[in-house]
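K.L.:
What follows is a predicted protein model with its sequence.
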Amino acid sequence: MQHSSTQDTLVGLFVAAGIAGLFFLALHVSNLGSFVEQQGYTIIARFENSGGLKPKSPVSAAGVKIGQVSDISFDPKTYESVVKMRINAKYNSIPDDTTASIFTAGLLGEQYVSLEPGGSNEYLKENGTIEITQSAIILEKAIGQFLFKSAEEKK
Amino acid sequence: MMAFIQTLGRNTRSSFTKLGRASFFLLHVLTGVIDLLPRPRLLINQLYSVGVLSFLIITISGLFVGMVLGLQGYYILSDFGAEETLGVMVAASLVRELGPVVSALLFAGRAGSALTAEIGLMKATEQLSGMEMMAVDPIKRIISPRFLAGLISMPLLAGLFSAIGILGGQIVGSGLLGVDDGAYWSQMHAKIDFYDDIVNGVIKSLVFGFVTTWIALFEGYDTIPTSEGVSRATTRTVVNSAFSILALDFILTALMFGDD
């Protein structure tokens, strides 16, 4: 057995290295370091079809991530998809005539909500609703329409 | 036929009594952990032999596992033009599965077998009965510090394994194969969730640490006090630990990552 103060040092180094490893995982690898848990406000958008959007999908404006989708539900009265988005409190000046569209990052990438700000001077507040929305583009539908169209033209 | 049924019955009964003895043993060990508080020196000695001495094998294995993941992941993902997601692949597979499981298997081989052999030999040379003669509870004095040390070391070792593996994947991915460094980290950052991935990985490694140390200590304590008995107990520790780790991993994964 080694001298006990050397042993203390080694045990201390081991525990410190282990904790540093866990901290590295928590802060550098996972999304804990981003603003998920920070303060923010919720806005709602109703889409005819929200496609493959999932909770935690990013919400971006002008290509910058400003929040994430917190909840998606189906409204049985209007048959629409109700998408709740949590926006970082820093970005509190989104006009109430903003357009929300669902896009896909790359051909096979994940879907995200893109906000295009309008020109109104009224800003969206907690639980504010975005009126103008554009649904997700469903690839199968688009291909179907394209095939149908080209068949029509050939006639 | 009769003999077969008799053997079956005897084996079933003996495995159940062993499970019972192991449970009582665990209870005794857990009560001993509380008595450890005023004597941290016992724990530090064990943290040294269980944790610090496993440090090197865990970090080196972690580095190589991460580098292999980076290499294999790159070959597969580049077929789909998705090399940028290499970071997610390496990090998710390490944090969720390989980190806890491989480090627990290495831990069972490195520290578990040593614990069994040590305690088995103490029993064979009647050191444990000697302690009892002096009215010292050998479980509280010998076993409990080792148990707590295993429980503390395992999550730390698994975290180190994953962290170093991710760095190893980055060395291979962006250093040798030319994946964009920013994409490696940012995709990882976006896709790895703190609670779903990291906390679950730590819970897994805690469970594995608990089970592996329990098996190792019980096999040592329960060994037949001969040299052959000790050697058999050591083998059983490694085999049973590996089996329990892999089976528990399946159950835990099914419970944790069931719904997206």
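P.N.:
Everything's here; your move.

K.L.:
Can you get me a residue count around the one residue in chain A that gets nearest to chain B?
P.N.:
When distances are taken as CB to the nearest CB, chain A reaches nearest to chain B at residue A:18, 2.5 Å away. Where you see a C-beta, it was placed from the backbone N, CA and C, and this is true even at glycine. By other CB atoms under 10 Å in any protein chain shown, 23 other residues sit near residue A:18.

K.L.:
ditto for residue B:194
P.N.:
Residue B:194: 19 surrounding residues under other CB under 10 Å.

K.L.:
thought it was touching residue A:26?
P.N.:
Yes - assessed by CB atoms under 8 Å, residue B:194 is found in contact with residue A:26 at 6.0 Å.

K.L.:
Can you name the residues that contact the residue of chain A closest to chain B?
P.N.:
Applying CB atoms under 8 Å, 6 or more residues apart in numbering or on different chains to residue A:18 gives the contacts B:51, B:153, B:155-157, B:159-160.

K.L.:
What of residue A:103?
P.N.:
Residue A:103 neighbours (CB under 8 Å, 6+ apart): A:111-112, A:114, A:137.

K.L.:
let's see it at 6 Å
P.N.:
Residue A:103 sits next to residue A:114 when contact means CB atoms under 6 Å, 6 or more residues apart in numbering or on different chains.

K.L.:
Nearest spatial neighbour of residue A:129, chain-adjacent residues omitted?
P.N.:
residue A:44 (4.8 Å; CB to CB, 6 or more residues apart in numbering or on different chains).

K.L.:
Tell me how many other residues crowd that neighbour.
P.N.:
Neighbour tally, residue A:44, other CB under 10 Å: 15.

K.L.:
Tell me the pLDDT of it.
P.N.:
The per-residue pLDDT reported for residue A:44 equals 90.

K.L.:
quick one: secondary structure of it?
P.N.:
Counting by DSSP: H, G, I helix; E, B strand; the rest coil, the backbone at residue A:44 sits in strand.

K.L.:
Give me the distance from the helix or strand hosting residue A:41 to the chain's centre.
P.N.:
Counting by DSSP states H and E, the element that carries residue A:41 is strand A:40-47. The chain centre lies 11 Å from the centre of strand A:40-47; the measure is CA atoms, centre = their mean, to the nearest Å.

K.L.:
which secondary structure elements does the longest strand anywhere in chain A contact?
P.N.:
Counting residues, the longest strand found in chain A (DSSP state E) is strand A:64-75. Under the contact definition 3 or more CB pairs under 6 Å, 6 or more residues apart in numbering or on different chains; DSSP states H and E, strand A:64-75 sits against strand A:58-61, strand A:80-88.

K.L.:
just checking, what packs against the last one?
P.N.:
Applying 3+ CB pairs under 6 Å, 6+ apart, one finds that strand A:80-88 makes contact with strand A:40-47, strand A:64-75.

K.L.:
circling back: now the contacts of residue A:18 in TSV, with pLDDT, secondary structure and distance to chain A?
P.N.:
Below are the contacts of residue A:18 laid out as TSV (pLDDT from 0 to 100; DSSP: H, G, I helix; E, B strand; the rest coil; distance: CB to the nearest CB, whole Å):
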residue	pLDDT	secondary structure	distance to chain A
B:51	88	helix	5
B:153	93	helix	8
B:155	93	helix	7
B:156	94	helix	3
B:157	94	helix	7
B:159	93	helix	4
B:160	93	helix	4
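
K.L.:
If I look at residue A:31, what pLDDT would I see?
P.N.:
With respect to pLDDT, residue A:31 scores 70.
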